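> coordinates only, sequence not included:
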């Protein structure tokens, strides 16, 4: 799956399917955490695929699920 398609799936796919996909790839998140992360990443820009996700966005995500799980999540989309 291409990065953009994967990111779109993570943002818009059925929460249960996203949760299972992440679990299968070593990232365990509750449905409520996935929904909160979607809010943080809702203003994502395609340029982030090339420049990286801004540190301020990463910090917001870390405040929701912790630094370790954010890094695991980011590995899936980078």
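Perfect, thanks for sending it. Everything numeric in this text was worked out from a predicted model, so none of it was measured.
> now the strands for this protein?
Under the criterion DSSP state E, the chain contains no strands.
> need the helix or strand of it with the lowest average pLDDT.
helix 48-51 (a mean of 82; mean pLDDT, DSSP states H and E).
> residues contacting residue 5?
Residues near residue 5 by CB atoms under 8 Å, 6 or more residues apart in numbering: none. Bear in mind the C-beta positions are built from the backbone N, C-alpha and C, glycine included.
> Distance check, it against residue 64.
With distances taken as CB to CB, to the nearest Å, residue 5 is found 24 Å from residue 64.
> Ok, residue 7 next?
17 Å.
> circling back: now do the least confident helix or strand of the chain: everything it contacts.
3-4, 7, 54.
> Please tell me how far residue 40 sits from residue 19.
Taken as CB to CB, the span from residue 40 to residue 19 is 17 Å.
> Likewise for residue 13?
Taking CB to CB, one finds residue 13 at 10 Å from residue 19.
> Those two - which one has more neighbours?
More crowded of residue 13 and residue 19, by other CB atoms under 10 Å: residue 19, with 18 against 14.
> wait, doesn't the more buried one sit right on residue 29?
Yes: between residue 19 and residue 29 there is a contact under CB atoms under 8 Å: 6.4 Å.
> what bits of this structure have low per-residue confidence?
1, 78 (pLDDT under 70).
> swap the cut-off to 80 and go again
1-4, 46, 49, 76-78 (pLDDT under 80).
> Excluding covalently adjacent residues, which one is nearest to residue 72?
residue 27 (4.3 Å; CB to CB, 6 or more residues apart in numbering).
> Now do the same contact list for that neighbour.
By CB under 8 Å, 6+ apart, the neighbours of residue 27 are 69, 72-73, 76.
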